[in-house]
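Participant: sequence and predicted structure below; questions after.
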Amino acid sequence: MKRIIGIGETVLDILFKDDQPQKAIPGGSTFNSIVSLGRAGVPCAMVTEVGGDHIGDIICRYLQDNGVSSEYVCRHPNVKSHISLAFLDEHNDAQYIFYKDHASVSLDGPLPVFGNDDVVLFGSFFAINPVIRTVVGGLLRAAREAGAWLYYDVNFRKPHIVDLPDVMPNIEENMRLADVVRGSMEDFDYLYGLHEGDEIYSRVSQYCHKLILTDGARPIRVYTPNGCETYPVQTIETVSTVGAGDNFNAGYIYATMQGEQEETSRIGMAQRWSQDVCRQIGNNISDELVECLKTHIR
């Protein structure tokens, strides 16, 4: 049976509107994607690490309650779990403050053995952090050698620009190992100082032949050696954009696992999941969308 294995960090997201807390929910880029996929009934597991505190208990329980295996969650006694504060502005876009120590991250628990029908989703700083690169890089190379399908969400944030000299080799190895690279215009501005899609693909294609390039409300571009296809982004009223990109990834992977061959169908599903999470305060797809998926309503 196909399963999806996520490799990424986990935090407790506390969402604010008008400087008032609205909701506390476990999160993290890959984590959000995996939980939504678990809610949709796909076999999933999460490779991550949390503290041995009450927040860690909440996170593990949240995974299990949403159908995601926590067997690869590394618990660290006497370590505090990470926290993220997300402040929603007038456009319901989030500005973040993170309370975490990347230097304290470790993965010293059970790790998955990959099969050729597995899907691996990975990204953000967790996937390039030099402190755990030996483990994460080893997992990704093992997945590639086993014939798994790898989806890399670059998701590079501005505070880590200072780390670029140390992590660029890891970023480019991730691209080389991936079947699909998904990144935003902002990501590639930070990484390479590039602002044109064709220039970005010229750089990325040295490592990976398929790039999904997003640009906020502007059209999505999918680059392959056969050219570039563009897909319009539907304008909707948003409540929160915190999980928008994460659920785009999840929807794209879901459509792929359902056997969708047409890129239009995959991007359509990705946008459907992204739009669904933007209509609520939360990080994951709604109960309503879950029910639609279970009854095969497109």
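Facilitator: It's in.

Participant: ok, the helix or strand harbouring Ile83: who's next to it in the sheet?
Facilitator: Counting by DSSP states H and E, the element that carries Ile83 is strand 82-88. Under the criterion DSSP bridges, strand 82-88 sits next to strand 11-17 (parallel), strand 94-99 (antiparallel) in its sheet.

Participant: would you turn these into TSV with mean pLDDT, distance to Gly183 and mean neighbour count?
Facilitator: Every residue, glycine included, has its C-beta placed from N, CA and C. Conversion of the strands paired with strand 82-88 to TSV gives the following (pLDDT from 0 to 100; distance: least, CB to CB, whole Å; neighbours: other CB atoms under 10 Å):
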stretch	mean pLDDT	distance to Gly183	mean neighbour count
strand 11-17	91	21	21
strand 94-99	83	18	14
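
Participant: closest to Asp53 out of the ones you listed?
Facilitator: Evaluated with CB to CB, the strands paired with strand 82-88 place strand 11-17 nearest to Asp53, the distance being 10.1 Å.

Participant: what's in contact with that closest one?
Facilitator: Contact with strand 11-17 is made by 21-28, 31, 55, 58-59, 81-88, 94, 98, 100, 240, 242, 281, 283, as judged by CB atoms under 8 Å, 6 or more residues apart in numbering.

Participant: that one: what's the following helix or strand?
Facilitator: Using DSSP H and E, the helix or strand that follows strand 11-17 in sequence is strand 20-27.

Participant: can you give me how far that following strand is from the chain middle?
Facilitator: Per CA atoms, centre = their mean, to the nearest Å, the displacement of strand 20-27 from the mean C-alpha position of its chain is 19 Å.

Participant: does anything pack onto that strand? Which helices or strands?
Facilitator: Here strand 20-27 is seen to pack against strand 11-17, helix 54-65 when contacts are counted using 3 or more CB pairs under 8 Å, 6 or more residues apart in numbering; DSSP states H and E.

Participant: who touches the next helix or strand after that strand?
Facilitator: Next along the chain after strand 20-27, taking DSSP H and E as the criterion, comes helix 29-39. Under the contact criterion CB under 8 Å, 6+ apart, helix 29-39 has outside partners 4, 6-11, 26, 44-46, 48, 62-63, 66-68, 121-124, 126, 153, 155, 243, 245-247, 249-251, 253-254, 273, 277, 283-285, 290.

Participant: helix 29-39 vs helix 54-65, what angle?
Facilitator: Helix 29-39 and helix 54-65 meet at an angle of 40 degrees, taking axes from the mean of the first three to the mean of the last three CA atoms, to 10 degrees as the criterion.

Participant: moving C-terminal of the helix-or-strand element of the chain with minimal mean pLDDT, what's the next helix or strand?
Facilitator: Ranked by mean pLDDT, DSSP states H and E, the weakest helix or strand in the chain is strand 94-99, scoring a mean of 83. Moving toward the C-terminus from strand 94-99, the first helix or strand encountered (DSSP H and E) is strand 119-123.

Participant: cool, thanks, talk later.
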